[in-house]
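generate a structure from the sequence data that follows.
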Amino acid sequence: MKHADRIKELLQYIEKEPYDPFNIYALALEYQNQDKEKASFYFNKLLEEHKSYLPTYYHAALLFMELNQPEKAEKTFLDGIALANTQNDAHAKKELQNAYFNFQVDGD
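Modelled structure (predicted):
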């Protein structure tokens, strides 16, 4: 399936189920390599409207790093680590902590 077709399909899913964070997340991921500004828009939407959707934090923080938004990336990593801790998700917490460590090392 082509990128444009996937985008169209995901937008239809969002129209049918606007409160399902997975559809927004999938759209953000789809845009991540093609249109970083649109990916940022959808990640920000998730961070504002679906704060408890843990998968958002890792990919959003990495995107914010790519967009040269280090403060936003750091906050996203830290918020994601805190959420993973609250949700008792050791795997997500470890992934976020490792990525945050790399972010800190690369930032020096």
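
every contact and neighbour count from this point should use C-alpha atoms.
Fine.

quick check: phi and psi on Asp89?
Backbone torsions of Asp89, given as degrees, to the nearest 10, read phi -100, psi 90.

count the neighbours of it for me.
Other residues lying near Asp89 total 13 when counted by other CA atoms under 10 Å.

packing partners for the helix or strand hosting Gln104?
Taking DSSP states H and E as the definition, Gln104 sits inside helix 90-107. When contacts are defined as 3 or more CA pairs under 8 Å, 6 or more residues apart in numbering; DSSP states H and E, helix 90-107 sits against helix 55-66, helix 70-86.

pull out the buried positions in the longest one.
Using 16 or more other CA atoms under 10 Å as the burial criterion, the residues of helix 70-86 that qualify are 70, 72-74, 76-81, 83-84.

where does pLDDT dip in the chain?
Where the chain drops to pLDDT under 70, the residues are 1, 107-108.

still on that earlier bit, mind putting the helices and strands packed on helix 90-107 into JSON lines with distance to Lys36?
Output for the helices and strands packed on helix 90-107, formatted as JSON lines (distance: least, CA to CA, whole Å):
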{"stretch": "helix 55-66", "distance to Lys36": "8"}
{"stretch": "helix 70-86", "distance to Lys36": "14"}
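
what's the spacing between the helix holding Gln104 and its chain's center?
14 Å (CA atoms, centre = their mean, to the nearest Å).

now do it against helix 70-86, angle only.
Angular relation of helix 90-107 and helix 70-86 on a 0 to 180 degree scale: 160 degrees, by axes from the mean of the first three to the mean of the last three CA atoms, to 10 degrees.
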